[in-house]
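> quick check, what structure comes out for this input:
(chains A and B)
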There are 2 protein chains.
Amino acid sequence: MTGLMRNIQPETEKIDLIMGQDLNAAIDNPLLGEVIKYAVFNGGKRIRPLLTVLSAGLEGRNSPDLYRLALTFEYLHAASLLHDDVIDHAEERRGRKVANKVWSNTHVILAGDFLHSHAMRLAGTVGGISCLQVICQAAAAMVESEFLQLQNAEKQETDEDYYFAVLRGKTAALIAAACESGAIFAGCTNAGREALALFGTNLGLAFQIIDDLLDYLGDGAKTGKAVGNDFQEGKMTLPLLYALRGDSSDSRELKKLLTTSAVDRSNYFTRARDIISMTGGFTAARRRAVTLIDEALAALNIFPESSAKDTLHALAYYVLERDK
Amino acid sequence: MTGLMRNIQPETEKIDLIMGQDLNAAIDNPLLGEVIKYAVFNGGKRIRPLLTVLSAGLEGRNSPDLYRLALTFEYLHAASLLHDDVIDHAEERRGRKVANKVWSNTHVILAGDFLHSHAMRLAGTVGGISCLQVICQAAAAMVESEFLQLQNAEKQETDEDYYFAVLRGKTAALIAAACESGAIFAGCTNAGREALALFGTNLGLAFQIIDDLLDYLGDGAKTGKAVGNDFQEGKMTLPLLYALRGDSSDSRELKKLLTTSAVDRSNYFTRARDIISMTGGFTAARRRAVTLIDEALAALNIFPESSAKDTLHALAYYVLERDK
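Sure thing, here's the model as predicted:
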């Protein structure tokens, strides 16, 4: 990871610098500026804009406009987090008060709307209509996936297809759009665009699967999140879905644990984790993530060797190996 | 008005038809479709898309794509009303339960986001980058104006410049963008674009001034709103601002009434209305609206005579003469 960090740090610093300039130029009202800067300068790793820059870098493209296009994805991500904060009634995000507790829901809904418009404007102006379409499709997919979850809130769908459909919209669509937009900016062929969209989709899916694994197997001190949350909430993540396949006595016991109350599930967490481990749920989920990353990297084979390609490889391995 | 209605009814019906088809094609999730259709099929008069169609009609342009571009403005308007409903904690809009009381804030925030993305996508795809820029600028101006109000919530600015700055963002920007986009679609010169942007801005401003007048002078049975709301809330609308100019005993009395509680202001409403009337506040505000409409119509002089132009004239006069 140290080598990777060394490669990406100058890029993330450049992204932050250009983002600050861009926001200063775009926003008139000082209070609006304050809310938006609170939302975007949050210690995030800038993964999405970084992917746009690296994707265009596969064709050797780099220019100030590329960074401005890349900002689009950080803005849309931040806009969706702002609206999520209102929706989730959360108190904190990344160890800081959520923006709607610092200001109000009104401020935060409107600031999200501003970021949304500004992102679309940048996308179209800098990236052209193709980029705009890719980005709007991703933004629409994010909402569709939230509605899939809203509709399913009672049904408790326990199906791998459903799990991946939600993940595609929730996490993968925007990451895929970030990569594909880099390809469009660099003037890639359709094959290049598709390769980078696939790379982004798989990277996003794998990232989320690892997240789900860390929720059972992670070290809370490193991840900053308590383990066992997903099981306590009865969330049907991939390790659990795999462990429930078949009709062994283990999977029957696990099914039973899932029907208890949240408090009971919290007490049964260690037992549930043991069952998932015994039935191979964790191994199968990790294998799925590895396959996704293998496919993601294979898609990059059509591009010549470059430092951008090396960094994308390193990022993909980091997604698999991260423990936080 | 009967002649005007006869002219625009086929257009609004066409807009509704194309809107239904467009939404069916754009939305996958049935629940999302339900929320969005509830929001857009609300008995609205389709003024914004109508203005796009009529503006392009000044150059004799008409095509199915024009109607799709026009939808953008109804979608953005609906998206902003959805988010407003969450912000305002209202119970009803146009005599129906607000969408977030039928479903939840979550549904409504997300549905607004979807409409927003979909509008931007349509704008760019059908209208091109220039339309997208005009629309995004209007969307940003709407948020900036809300923030102007948020910042002013304590200060109680009593200044005509502030009043018009808020109005420009809140109402006029989107209407101006609807007109200007029609001009862009029709391939107008810059002079044509500017003329239609001015027409839309002034129409929007005049519309809001008449709204403010109706809040004092309207017939609640026709407007569907109780008169006196603005005064009770201490809202500094144009008739009040004009009445407060100078330092007569009347204006001093009015100033005093404004410092009382909301309940007291409700009791003093008739007295306040009399003072505004005596000091010429209503006359001056109406004169301002008339001037704005005169300027709006003068801007259309550069276009040849056409039925679209006649309808735009009729619409502008309707804005001045409406009693509901």
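> how about the strands in chain A?
In chain A, the strands defined using DSSP state E lie at A:92-93, A:96-97.
> now do the same for the first one: mean pLDDT, whole number.
Looking back up the chat, that one is strand A:92-93. In this model, strand A:92-93 carries a mean pLDDT of 83.
> figure out which of the strands of chain A is closest to chain B.
strand A:92-93 (16.7 Å; C-beta to the nearest C-beta). To be clear about C-beta, it is placed using only N, CA and C from the backbone, and glycine gets the same treatment.
> A:Cys136 contacts B:His116, correct?
No - in this structure, A:Cys136 is not within contact of B:His116 by C-beta atoms under 8 Å, at 9.4 Å.
> buried stuff in the helix-or-strand element of chain A with minimal mean pLDDT?
Least confident element among the helices and strands of chain A, by mean pLDDT, DSSP states H and E: helix A:220-223 (a mean of 77). For helix A:220-223, the neighbour count (16 or more other C-beta atoms under 10 Å in any protein chain shown) marks A:Thr223 as buried.
> how about the helices in the stretch 51-200 of chain A?
Taking DSSP state H, counting those that start in this stretch as the criterion, the stretch 51-200 of chain A carries its helices at A:64-88, A:99-102, A:105-122, A:128-152, A:160-167, A:173-185, A:190-217.
> can you redo the ones you listed as JSON lines with mean neighbour count?
Formatted as JSON lines, the helices of the stretch 51-200 of chain A follow (neighbours: other C-beta atoms under 10 Å in any protein chain shown):
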{"stretch": "helix A:64-88", "mean neighbour count": "23"}
{"stretch": "helix A:99-102", "mean neighbour count": "19"}
{"stretch": "helix A:105-122", "mean neighbour count": "26"}
{"stretch": "helix A:128-152", "mean neighbour count": "22"}
{"stretch": "helix A:160-167", "mean neighbour count": "17"}
{"stretch": "helix A:173-185", "mean neighbour count": "29"}
{"stretch": "helix A:190-217", "mean neighbour count": "22"}
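> now those helices in JSON lines, with distance to chain B?
As requested, the helices of the stretch 51-200 of chain A are exported to JSON lines (distance: least, C-beta to the nearest C-beta, whole Å):
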{"stretch": "helix A:64-88", "distance to chain B": "5"}
{"stretch": "helix A:99-102", "distance to chain B": "11"}
{"stretch": "helix A:105-122", "distance to chain B": "4"}
{"stretch": "helix A:128-152", "distance to chain B": "4"}
{"stretch": "helix A:160-167", "distance to chain B": "10"}
{"stretch": "helix A:173-185", "distance to chain B": "11"}
{"stretch": "helix A:190-217", "distance to chain B": "17"}
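> reformat these as JSON lines; add mean pLDDT.
Converted to JSON lines, these look like this (pLDDT from 0 to 100):
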{"stretch": "helix A:64-88", "mean pLDDT": "95"}
{"stretch": "helix A:99-102", "mean pLDDT": "93"}
{"stretch": "helix A:105-122", "mean pLDDT": "97"}
{"stretch": "helix A:128-152", "mean pLDDT": "95"}
{"stretch": "helix A:160-167", "mean pLDDT": "94"}
{"stretch": "helix A:173-185", "mean pLDDT": "98"}
{"stretch": "helix A:190-217", "mean pLDDT": "97"}
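> tell me which residue lies farthest from the centre of chain A.
A:Ser249 (35.4 Å; C-alpha atoms, centre = their mean).
> name the residue of the stretch 201-324 of chain A that lies nearest to chain B.
Closest point on the stretch 201-324 of chain A to chain B, by C-beta to the nearest C-beta, is A:Glu233, at 16.3 Å.
> that residue: neighbour count?
13 (other C-beta atoms under 10 Å in any protein chain shown).
> and for A:Gly192, nearest residue in space, chain neighbours not counted?
Nearest non-adjacent residue to A:Gly192, counting by C-beta to C-beta, 6 or more residues apart in numbering or on different chains: A:Ala183, 5.1 Å away.
> list the contacts of the one you found.
A:Ser55, A:Ala56, A:Leu58, A:Glu59, A:Gly192, A:Arg193, A:Ala195, A:Leu196, A:Ala197 (C-beta atoms under 8 Å, 6 or more residues apart in numbering or on different chains).
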